[in-house]
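S.K.: dropping the sequence and predicted coords here.
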Amino acid sequence: MRAAFLGQVVRQLHELASLLVSDVEHGSDAVASELVRIGEAAQSFGLADVEQAAKNVVAALEARRPGAGLEQLAAAVRAAGGHTRFPPIVIIAKEPLLSKLNVEKVRCCETLEFYESVASWHAMLRCEKPEAIVVPLDELGNLADEDRAASVIVYGGSGYDVKARVHAASLGAKALLPDRIEFRPLLDRLRALGHRRRAGYPRLLLGLDDKVLMTSLAKRLEGHGAFVATAKRPESVGTELREASPDLFVVSEKLGAYDAATLVAAARMVPRQADMLVVALAPASGATALLTAGCDGVIDKALPPEEVAVQIEALLERARSRSTGRDASTGLVDRPASMRSVDRALSEARRGGGPLSVGIVELDAAADIQRRLGRGVGDTALRLLARCLEGAIRASDVVGRLDEESFLVLMPACRAQNARRRLGDVRSLFTALCARDEKLSGLTFSAGVADTEDGRERLLPRAEEALELGRARDSRGTIN
């Protein structure tokens with residue numbers, strides 16, 4: 001319930017800020033009353049920083065300084081674990097580009113916010129850090145340091161202007177686009193950047209003949225946040241590939257009776273692993289033959305273990321940035337592909353006039369499961385949930401993975417009431433299957449559903465709000 005409370009407060013803050021902007025004179029009393037309630041609830045959950053921040057905002061309202069403190073409260077909520085899966089995308093643009101992009105708003109399932117300048121955006125009462133900021137080159141320097149924590153994309157420079165690109169990069173920009181912005185490619189790029197940030201812990205499979213080195217590397221890399229699986233025998237490589245779904249497979253020049261080239265070829269045949277990055281740890285003299293055999297790279301075996309670990313970490317980051325449109329662990333479409341599917345379905349629903357529902361499904365207490373039972377058990381539960389969702393969909397439906405803990409279910413020609421009933425059937429199946437495994441017994445999931453009957457804008461954020469609202473009422477296993 002604590003997590004549900006924090007998630008609900010993140011969304012409430014945006015609504016409270018909007019109320020203050022639209023009606024400062026009369027909105028302050030209503031906002032103050034709601035903030036007092038938030039502070040009291042935070043106290044009951046033992047969230048002292050959130051409670052104090054809420055009190056500070058009330059004091060600021062009484063002093064007629066409505067903007068002071070709201071961001072402090074939002075920061076306290078986020079630090080305590082509150083988050084939203086769909087922060088707003090902020091676009092800074094002037095006419096006529098502003099009007100052109102604003103028209104595209106109905107084609108996007110997320111929240112888009114448009115402003116004429118960075119100053120006008122900063123003047124608004126902000127409660128949630130944006131997913132991304134799209135800003136003209138001449139406004140880039142006006143961003144505050146905390147703004148650059150988001151994915152910043154700059155436009156207005158020449159593709160051949162190296163000086164402009166260096167300047168943009170030095171200020172934290174992820175890309176420099178020309179003046180003419182095409183909305184759909186821009187949105188795809190923003191989503192890809194966000195997906196990369198949410199990729200979670202990197203996954204590595206080590207299949208090395210040197211057991212001491214393998215143990216040493218595994219310990220170091222796990223200390224840096226990676227999920228490391230090891231294959232001590234060639235016979236276990238296939239099992240570990242299926243279970244770990246690694247971003248990167250590091251293999252010895254020889255493991256048991258098999259050479260690296262043979263193991264690489266066998267690894268490529270495992271479902272969902274055809275695009276996995278595979279690197280050999282071998283003498284530099286054999287690099288040409290290994291690259292020809294299908295390895296993506298070779299790390300010199302003569303290097304000190306510390307240098308080998310540094311190179312593996314760099315390769316892990318590169319492997320995770322290779323988007324194939326599929327989540328390696330579950331085989332489902334990934335977050336950017338899922339959201340493109342929703343955009344297309346929205347366009348089709350607008351033309352045909354039929355209903356469209358989306359559901360956000362999340363394993364309850366997923367972080368606690370990972371902590372108590374280990375990442376392997378958590379991954380098994382998520383893969384089981386993915387299979388249950390896939391088995392319940394129609395040919396026109398889409399199931400995708402949003403992040404480490406949640407999935408998206410897209411259901412065209414389906415109203416919210418029917419969508420909830422279908423997800424209820426999935427919940428029954430999932431509970432029954434979990435009961436067969438002692439480690440998974442008792443696991444549940446919650447879901448939030450939204451449909452186009454209540455409007456087409458902010459479809460995904462509304463589904464998320466339904467999820468957190470249901471959890472706030474019923475704690476676990478709710479479908480709202």
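M.R.: Looks like it arrived, so ask away.
S.K.: all helices of the stretch 251-400 of the chain, in order?
M.R.: 260-268, 287-293, 305-320, 335-352, 366-373, 375-392 (DSSP state H, counting those that start in this stretch).
S.K.: now the fifth one: mean pLDDT?
M.R.: Mean pLDDT, helix 366-373: 69.
S.K.: and Glu438, backbone torsions?
M.R.: The phi/psi pair for Glu438 (degrees, to the nearest 10) reads phi -60, psi -40.
S.K.: nearest to Ala48, out of the helices of the stretch 251-400 of the chain?
M.R.: Minimum separation from Ala48 across the helices of the stretch 251-400 of the chain (C-beta to C-beta) falls at helix 366-373, 21.0 Å. For every residue, glycine as well, the C-beta is placed using N, CA and C.
S.K.: hey, least reliable of the helices of the stretch 251-400 of the chain by pLDDT?
M.R.: helix 366-373 (a mean of 69).
S.K.: re earlier: now the helices of the stretch 251-400 of the chain in a markdown table, with distance to Arg476 and mean neighbour count?
M.R.: Below are the helices of the stretch 251-400 of the chain laid out as a markdown table (distance: least, C-beta to C-beta, whole Å; neighbours: other C-beta atoms under 10 Å):
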| stretch | distance to Arg476 | mean neighbour count |
| --- | --- | --- |
| helix 260-268 | 38 | 19 |
| helix 287-293 | 50 | 15 |
| helix 305-320 | 31 | 17 |
| helix 335-352 | 24 | 19 |
| helix 366-373 | 11 | 15 |
| helix 375-392 | 14 | 19 |
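S.K.: of all these, which lies closest to Gly39?
M.R.: Of these, nearest to Gly39 by C-beta to C-beta is helix 366-373, at 25.2 Å.
S.K.: dump the helices of the stretch 251-400 of the chain into TSV; add distance to His83 as well.
M.R.: Formatted as TSV, these follow (distance: least, C-beta to C-beta, whole Å):
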stretch	distance to His83
helix 260-268	35
helix 287-293	42
helix 305-320	20
helix 335-352	15
helix 366-373	11
helix 375-392	18
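S.K.: among those, which comes closest to Ala244?
M.R.: helix 375-392 (8.0 Å).
S.K.: from the chain's centre, how far out does that closest one sit?
M.R.: How far helix 375-392 lies from its chain's middle: 17 Å, per C-alpha atoms, centre = their mean, to the nearest Å.
S.K.: neighbouring contacts of that helix?
M.R.: Here helix 375-392 makes contact (C-beta atoms under 8 Å, 6 or more residues apart in numbering) with 201, 227, 243, 245, 329-332, 361, 363, 366, 369-370, 399, 401, 405, 407, 409, 422, 425-426, 429-430, 433-434, 439-440, 443, 445.
S.K.: any of these buried? List them.
M.R.: Neighbour-count burial (16 or more other C-beta atoms under 10 Å) applied to the contacts of helix 375-392 gives 201, 227, 243, 245, 329-330, 332, 361, 363, 366, 369-370, 399, 401, 405, 407, 409, 422, 426, 429-430, 434, 440, 443, 445.
S.K.: give me the helix or strand of this protein that scores worst on average pLDDT.
M.R.: When each helix and strand of the chain is scored by mean pLDDT, DSSP states H and E, helix 366-373 comes last, with a mean of 69.
S.K.: apart from its neighbours in sequence, what residue is nearest Phe86?
M.R.: Pro461 (4.8 Å; C-beta to C-beta, 6 or more residues apart in numbering).
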